[in-house]
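*Asks:* below are the sequence and a predicted model; questions follow.
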Amino acid sequence: MNGFNYQEDRLHCEDYPLDSLAKTYGTPCFVYSASAMTAAYQTIKAAFECQNPLICYAVKANSNLAVLKQLCDLGAGFDIVSGGELIRVLRVGADPSKIVFSGVGKQTDEIEAALAAKIKCFNVESEAELLHIAAIAERLDTKAPISLRVNPDVDPKTHPYISTGLKESKFGVPMNQALRLYTKAQSLTGITVKGIDIHIGSQITQLAPYLDALDKMFSLIDQLSNQGIILEHFDIGGGMGVRYEQEPDFPIDALSDALQQKMADRKLEIILEPGRYIVANAGILLTQVLYTKHNESRAFAVVDAAMNDLIRPALYDAVQAVLPVIAQTNPSERFEIVGPICESGDFLAKDCLINLESGALVALASAGAYGMSMSSNYNTRGRAAEVLVDGAAAQLIRRRETIEDLLAAETNLDTVTRAPLATISAR
Ligand code: LLP
């Protein structure tokens with residue numbers, strides 16, 4: 001975890017104590033360290049100095065406007081996957097020529113909006129999508145810049161739900177169709193061929209899958225070039241893993257060295273799409289114990305955060321450390337940390353050596369990526385607040401949702417009294 005440390009036994013985000021933060025903003029609450037995000041971004045930038053890549057932050061990892069603004073100010077571009085994410089990044093002043101648009105199911109209105117914004121590139125995932133984008137661009141009397149996302153068929157050795165570069169996955173076009181599709185793309189009036197891209201998976205901790213993918217892609221790039229298809233850029237995607245528990249630091253320098261060596265003297269702009277690497281360890285989910293309970297074999301701490309706030313443990317069996325907000329010297333109990341939701345899958349952590357009682361505050365570590373961005377309103381629970389800490393200053397960057405927020409989009413039944421709603425907070 002970067003940006004989080006104990007000062008006089010109190011867990012702080014930078015110089016702000018988390019117990020004070022809980023008092024001011026309530027719980028559950030995502031807390032992000034501005035300097036940790038900057039540091040992670042700068043680490044990537046420095047590691048890839050040689051290639052001077054365009055770093056397109058993958059918005060899906062954490063799409064809060066304040067986070068996007070900070071990265072935009074640092075010079076980042078953005079990898080978006082929806083019209084909603086396009087609007088977010090444009091709203092923080094992103095330079096459209098630094099936006100790439102990924103995803104297997106881009107829809108007509110999203111394609112039109114991205115063309116109107118003049119984004120850098122559509123990362124195209126199928127022949128059908130290529131033809132659809134071409135037709136829209138032609139109708140609008142413009143040209144869509146595209147790259148083909150090629151599926152290199154490598155095993156990234158990560159959780160199956162976040163492995164994307166295996167040939168049986170829904171992502172990208174098979175290597176052996178690339179030449180035909182590039183030739184087709186070049187013949188379409190509404191298309192300008194710009195580059196090629198891959199994204200083999202997420203939370204990758206080893207170098208080998210990248211090396212395999214790079215070898216395959218450079219040989220494809222050469223094959224295309226021999227056929228007169230000259231590409232301007234190579235987007236190697238995201239996926240760089242972080243330390244949740246015991247994972248080794250991702251060998252980012254080694255990846256950059258290998259890329260440099262394999263690229264040889266080919267003239268290609270490099271694009272990266274890191275998400276998790278920039279934000280995961282810059283954030284925690286702060287939550288308070290409501291009750292503790294014991295059955296014959298287990299001790300449970302029921303906290304006010306739940307799987308709707310942080311779904312990673314339930315969905316991927318992800319393990320994220322649990323840190324007591326007030327340091328403990330001799331923890332003696334083993335707790336399962338669970339939420340109030342009516343599902344046995346509603347757990348945040350298992351088998352934690354920690355002493356807990358009602359009212360205690362804990363931080364779920366490494367929750368800056370795919371935490372808030374994957375949260376939901378399941379059980380009519382409002383989404384948590386988000387706070388950005390910079391030094392000793394904290395700023396509320398998303399207020400806690402109220403029940404009125406949740407009901408606002410639904411048919412308003414005049415007969416329903418509104419009176420009691422105001423008094424219940426939407427946890
Ligand atoms: N580029 C593309 C095309 C992607 O699909 C993704 C992530 C990224 C970049 C960024 O990957 P990253 O650098 O963050 O690994 N919800 C899962 C992760 C899903 C990743 C989906 N695609 C989790 O919580 O582990």
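*Replies:* Received, thanks.
*Asks:* residue 395 against residue 65, yeah?
*Replies:* No - contact criterion Cβ atoms under 8 Å: residue 395 and residue 65 do not qualify, at 11.8 Å. C-beta: built from backbone N, CA, C; applies to glycine.
*Asks:* what does the stretch 101-250 of the chain put close to the ligand?
*Replies:* Taking Cβ under 6 Å from any ligand atom, the part of the stretch 101-250 of the chain that reaches the ligand is made up of 102, 162, 199, 202-203, 237-240.
*Asks:* residue of the stretch 101-250 of the chain nearest the ligand, please.
*Replies:* Distances between the stretch 101-250 of the chain and the ligand by Cβ to the nearest ligand atom are smallest at residue 238, namely 2.7 Å.
*Asks:* confidence score at that residue?
*Replies:* Model confidence at residue 238, expressed as pLDDT, equals 97.
*Asks:* in contact with the residue lying closest to it once chain neighbours are set aside, which residues?
*Replies:* Of all residues not flanking residue 238 in the chain, residue 273 sits nearest, at 4.0 Å (Cβ to Cβ, 6 or more residues apart in numbering). Taking Cβ atoms under 8 Å, 6 or more residues apart in numbering, we find residue 273 in contact with 56-58, 79, 100, 102, 199, 235-238.
*Asks:* tally of neighbours for residue 187?
*Replies:* Look at residue 187: counted by other Cβ atoms under 10 Å, it has 9 neighbours.
*Asks:* ranges for the strands of the stretch 151-300 of the chain?
*Replies:* For the stretch 151-300 of the chain, strands defined by DSSP state E, counting those that start in this stretch occupy the ranges 173-174, 191-197, 233-235, 269-272, 283-294, 299-303.
*Asks:* same list, those, but as JSON lines with mean neighbour count and mean pLDDT please.
*Replies:* JSON lines is the format used below for the strands of the stretch 151-300 of the chain (neighbours: other Cβ atoms under 10 Å; pLDDT from 0 to 100):
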{"stretch": "strand 173-174", "mean neighbour count": "16", "mean pLDDT": "95"}
{"stretch": "strand 191-197", "mean neighbour count": "22", "mean pLDDT": "98"}
{"stretch": "strand 233-235", "mean neighbour count": "23", "mean pLDDT": "98"}
{"stretch": "strand 269-272", "mean neighbour count": "22", "mean pLDDT": "98"}
{"stretch": "strand 283-294", "mean neighbour count": "21", "mean pLDDT": "98"}
{"stretch": "strand 299-303", "mean neighbour count": "21", "mean pLDDT": "97"}
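*Asks:* would CSV of those with distance to residue 18 be doable?
*Replies:* Shown next, in CSV, are the strands of the stretch 151-300 of the chain (distance: least, Cβ to Cβ, whole Å):
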stretch, distance to residue 18
strand 173-174, 47
strand 191-197, 39
strand 233-235, 38
strand 269-272, 32
strand 283-294, 6
strand 299-303, 14
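*Asks:* gap between residue 186 and residue 295?
*Replies:* The gap separating residue 186 from residue 295 is 66 Å, by Cβ to Cβ, to the nearest Å.
*Asks:* so which of the two has more stuff around it?
*Replies:* Per other Cβ under 10 Å, whichever of residue 186 and residue 295 has more neighbours is residue 186, with 13 against 7.
*Asks:* which pair of the residues of the stretch 101-250 of the chain next to the ligand spans the longest distance?
*Replies:* 102 and 203 (17.3 Å; Cβ to Cβ).
*Asks:* who has more neighbours, the two?
*Replies:* residue 102 (28 against 25).
*Asks:* residue 348 and residue 314, how far apart?
*Replies:* As judged by Cβ to Cβ, residue 348 and residue 314 stand 9 Å apart.
*Asks:* shared neighbours, the two?
*Replies:* Common neighbours of residue 348 and residue 314, counting by Cβ under 8 Å, 6+ apart, are residue 307.
*Asks:* more neighbours: which of the two?
*Replies:* residue 348 (29 against 19).
*Asks:* what does the stretch 301-427 of the chain put close to the ligand?
*Replies:* Neighbours of the ligand within the stretch 301-427 of the chain, by Cβ under 6 Å from any ligand atom: 312, 316, 370, 374.
*Asks:* got the contact list for the third one?
*Replies:* Contacts of residue 370 were listed using Cβ under 8 Å, 6+ apart, and they are 60-62, 275-276, 280, 312.
*Asks:* all helices for the stretch 251-400 of the chain, in order.
*Replies:* Along the stretch 251-400 of the chain, counting by DSSP state H, counting those that start in this stretch, helices occupy 252-263, 276-279, 312-316.
*Asks:* I meant to write the stretch 1-150 of the chain there.
*Replies:* 18-25, 34-47, 65-73, 83-91, 108-117, 127-139.
*Asks:* got TSV for those helices, with mean neighbour count, mean pLDDT and distance to residue 253 too?
*Replies:* Output for the helices of the stretch 1-150 of the chain, formatted as TSV (neighbours: other Cβ atoms under 10 Å; pLDDT from 0 to 100; distance: least, Cβ to Cβ, whole Å):
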stretch	mean neighbour count	mean pLDDT	distance to residue 253
helix 18-25	17	98	33
helix 34-47	19	98	5
helix 65-73	20	98	22
helix 83-91	18	98	29
helix 108-117	17	98	34
helix 127-139	18	98	35
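*Asks:* got CSV for the ones you listed, with distance to residue 412 too?
*Replies:* Below are those laid out as CSV (distance: least, Cβ to Cβ, whole Å):
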stretch, distance to residue 412
helix 18-25, 30
helix 34-47, 39
helix 65-73, 28
helix 83-91, 24
helix 108-117, 26
helix 127-139, 36
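*Asks:* who wins for proximity to residue 359 among the ones you listed?
*Replies:* Closest to residue 359 of those is helix 18-25 (Cβ to Cβ; 10.4 Å).
*Asks:* that closest one packs against which elements?
*Replies:* Under the contact criterion of 3 or more Cβ pairs under 8 Å, 6 or more residues apart in numbering; DSSP states H and E, helix 18-25 touches strand 10-13, strand 29-33, strand 283-294, strand 361-364, strand 385-390, strand 393-398.
*Asks:* chain center to stretch 279-297, what's the gap?
*Replies:* If you compare the mean C-alpha spot of stretch 279-297 with that of the full chain, they lie 22 Å apart, counting by Cα atoms, centre = their mean, to the nearest Å.
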